[in-house]
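1. next one to model:
(one chain, ligands or ions: 1)
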Amino acid sequence: MKIKHRYLMLIGGLAIFAGCQNNKSVPAEKAITAAEIKKYISALANDSMMGRKPFTAGEDKAIKYISEQFKLAGLEPGNNGIYFQDVPMVQITSTPSPVMEITGGKTPLSLHATTDFVTFSRREVDSVTLKNSPLVFAGYGVVAPEYHWNDYAGLDVKGKTVVVLVNDPGFKNGDPTFFKGDTMTYYGRWTYKYEEAARQGAAGVLIIHQKEPASYGWEVVSNSNTGAKLYLQQKDKHMNRCKVEGWITEDMGKKLLAEVGITGDFRALARKKDFKAIPLKQSVTLTINNQLKYSTSHNVIGTLKGSSQPGEYVLYTAHWDHLGVGKPNAKGDSIYNGAVDNADGVAAIISVAKAFNKAKEKPKRSIVFLAVTAEEQGLLGSEYYATHPIYPVNKTVADLNMDALGDYGETKDIAVTGKGQNDLEDYVDENSKSTRA
Ligand SMILES: [Zn+2]
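-> The predicted model follows:
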């Protein structure tokens, strides 16, 4: 891969592509060189790092290398004298009983694992069971006061299993101001469905999959919901979650709802202003066995003390992890080196750290360089830092995150993705004007 002077920064929800190649007045241009970035990428993406998977020997090597580079760049250890922050995680492998039994209707239904349903339990226990848990159709499963919407109004779901639709009531509603129309709000995401069902005290939650509102097919649901999953360890061992979380296919959803006479377009029914949850006649029985494995991964952190406002912080972040060793490609290579995703992001923050250290004028605020773990498993290192910050969040003024520098060649363009989420884009605007001349 050819490396030139260019970089991509993800700032919160912003992506900024910047190339300041022709601006000689920017001191970082001299301090940050392509050769150096390439050197760091080569080291981090080397086969000896074995794809930098958390909990492997590849992790040990990668975090050792990054901490050494932080030290060479003149950074102080960022976490009370050490360069590492422990990130305790639990790996849960859920295996449901092969058949989910639905009884109480005219025809009992037997749903088969993977083909008709996927389920798992985030609770850190050996097994969970739903035994004849009554089913309730709770529409979109949304409680959104700002839209005067409550699918759980007057409903007691304790011990019950809610059946909900994917996406939100705004989808295909025709009104762009109602749940942002066809743009999915957080209320539409599966993560929200599980969280809300848990808040309501439901024993289980099953999402009816539909391709159009989900924007992906059943194979995506079944592939991403089987096998081991990593989570941050929680004090309550995730006992605040529903016992069972999962999905059923659209076909099975139709059969289920048809038993109480709900046929045709049940999305249209669920987005009606006067929609009320409908208790179903059936109940569900299912057991899930969990295999638990506890391990600790690490964020790497180094700090450069600010000259006049050391108590305020700017973060530079990049995830160090990648996918490890997996299926070999056509050439028989089984190491997922992750040069772009995200050895180059880490290389960039090391280079930025060095440049700051070399600069004649030191930054006023303290700069924190944080290489986070387990991004590929769901941004877990970032989540851990955000919930266990070493530097106070209310004194942290910005986070410039780098994930995959890309290979765009020289560019003078700047693109902002997710505009309007962040006031850092005002600075982008200012700077792009001043370098345009
Ligand atoms: Zn990445």
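2. can you tell me how far the residue lying closest to K106 once chain neighbours are set aside sits from L72?
-> Of all residues not flanking K106 in the chain, E259 sits nearest, at 6.3 Å (CB to CB, 6 or more residues apart in numbering). For every residue, glycine as well, the C-beta is placed using N, CA and C. Here E259 is placed at a distance of 67 Å from L72 (CB to CB, to the nearest Å).
3. out of those two, which sits in the more crowded spot?
-> Counted by other CB atoms under 10 Å, E259 and L72 do not tie: E259 has more neighbours, with 17 against 12.
4. OK, contacts around the residue of the stretch 151-300 of the chain found nearest the ion?
-> Residue of the stretch 151-300 of the chain nearest the ion, by CB to the ion: N299 (14.9 Å). N299 makes contact with 84-85, 87, 370-373, 381, 384-385, according to CB atoms under 8 Å, 6 or more residues apart in numbering.
5. before we move on, what about A353?
-> With CB under 8 Å, 6+ apart, A353 has these contacts: 70, 73-75, 302, 304, 316, 367, 369.
6. distance to E410 added to the contacts of N299, as a markdown table?
-> Formatted as a markdown table, the contacts of N299 follow (distance: CB to CB, whole Å):
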| residue | distance to E410 |
| --- | --- |
| F84 | 37 |
| Q85 | 37 |
| V87 | 37 |
| L370 | 29 |
| A371 | 27 |
| V372 | 29 |
| T373 | 33 |
| G381 | 32 |
| Y384 | 37 |
| Y385 | 34 |
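7. can you tell me which of these are in helices?
-> Using DSSP state H, 381, 384-385 are the members of these that sit in helices.
8. mind giving me the ChimeraX select for those residues, buried ones only?
-> Only the buried entries of those go into this ChimeraX selection, using 16 or more other CB atoms under 10 Å:
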select :381,384,385
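9. between the ones in helices among the contacts of N299, which is nearest the ion?
-> Closest approach to the ion among the ones in helices among the contacts of N299 (CB to the ion): G381, at 11.5 Å.
10. list the contacts for the nearest residue to the closest one once chain neighbours are set aside?
-> Residue nearest to G381 in three dimensions, not counting chain neighbours: V372, with 3.3 Å by CB to CB, 6+ apart. The contact partners of V372, by CB under 8 Å, 6+ apart, come to 299, 317-320, 379, 381-382, 384-385.
11. what sits against the residue nearest to K106?
-> Going by CB under 8 Å, 6+ apart, E259 touches 105-107, 280-282.
12. separate out the buried members of the residues you listed.
-> Buried subset of the contacts of E259 (neighbour count, 16+ other CB under 10 Å): 105, 280, 282.
13. one step back: export the contacts of E259 as a markdown table, with columns for secondary structure.
-> Below are the contacts of E259 laid out as a markdown table (DSSP: H, G, I helix; E, B strand; the rest coil):
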| residue | secondary structure |
| --- | --- |
| G105 | coil |
| K106 | coil |
| T107 | coil |
| L280 | strand |
| K281 | strand |
| Q282 | strand |
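14. max pairwise distance over these: which two?
-> Across the contacts of E259, the longest distance by CB to CB is 13.5 Å; it joins T107 and L280.
15. restricted to buried residues, select the contacts of A353 in ChimeraX.
-> Selecting only the buried entries of these in ChimeraX, with 16+ other CB under 10 Å as the criterion:
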select :70,73,75,302,304,316,367,369
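16. E245: which of the contacts of A353 is nearest?
-> Closest to E245, out of all of these and judged by CB to CB, is Y316, at 35.2 Å.
17. quick one: secondary structure of the closest one?
-> What three-state DSSP gives for Y316 is strand.
18. what about it, distance to the ion?
-> From Y316 across to the ion, the span is 15 Å (CB to the ion, to the nearest Å).
19. what sits closest to that residue if chain neighbours are left out?
-> In space, and not counting its chain neighbours, Y316 is closest to I349: 4.6 Å by CB to CB, 6+ apart.
20. how about the helix or strand encompassing the one you found, does it reach the ion?
-> For I349, the host element (DSSP states H and E) is helix 344-358. No: Helix 344-358 does not reach the ion (CB under 5 Å from the ion); its nearest approach is 7.1 Å.
21. how about that helix as PDB, C-alpha atoms only?
-> The C-alpha trace of helix 344-358 is given here as PDB (Å, rounded to 0.1, in the frame of the first residue of the first chain):
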ATOM      1  CA  ASP A 344      -2.800   2.900   9.900                       C
ATOM      2  CA  GLY A 345      -5.000   4.700  12.400                       C
ATOM      3  CA  VAL A 346      -2.700   3.700  15.300                       C
ATOM      4  CA  ALA A 347       0.300   4.600  13.100                       C
ATOM      5  CA  ALA A 348      -1.300   8.000  12.700                       C
ATOM      6  CA  ILE A 349      -1.800   8.700  16.400                       C
ATOM      7  CA  ILE A 350       1.800   7.600  17.200                       C
ATOM      8  CA  SER A 351       3.000  10.000  14.500                       C
ATOM      9  CA  VAL A 352       0.800  12.800  15.800                       C
ATOM     10  CA  ALA A 353       2.100  12.200  19.300                       C
ATOM     11  CA  LYS A 354       5.700  12.400  18.000                       C
ATOM     12  CA  ALA A 355       4.900  15.600  16.100                       C
ATOM     13  CA  PHE A 356       3.400  17.200  19.200                       C
ATOM     14  CA  ASN A 357       6.500  16.300  21.200                       C
ATOM     15  CA  LYS A 358       8.800  17.800  18.600                       C
END
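22. what average pLDDT does it get?
-> For helix 344-358, the mean pLDDT works out to 95.
23. then stretch 203-214?
-> Across stretch 203-214, pLDDT averages out at 96.
24. give me the distance from that stretch to the chain's centre.
-> 19 Å (CA atoms, centre = their mean, to the nearest Å).
25. start to end distance for it?
-> Taking CA to CA, to the nearest Å, the first and last residues of stretch 203-214 lie 24 Å apart.
26. buried set for that stretch?
-> In terms of neighbour count (16+ other CB under 10 Å), stretch 203-214 has its buried residues at 203-210, 213-214.
27. nice, that's everything, thank you.
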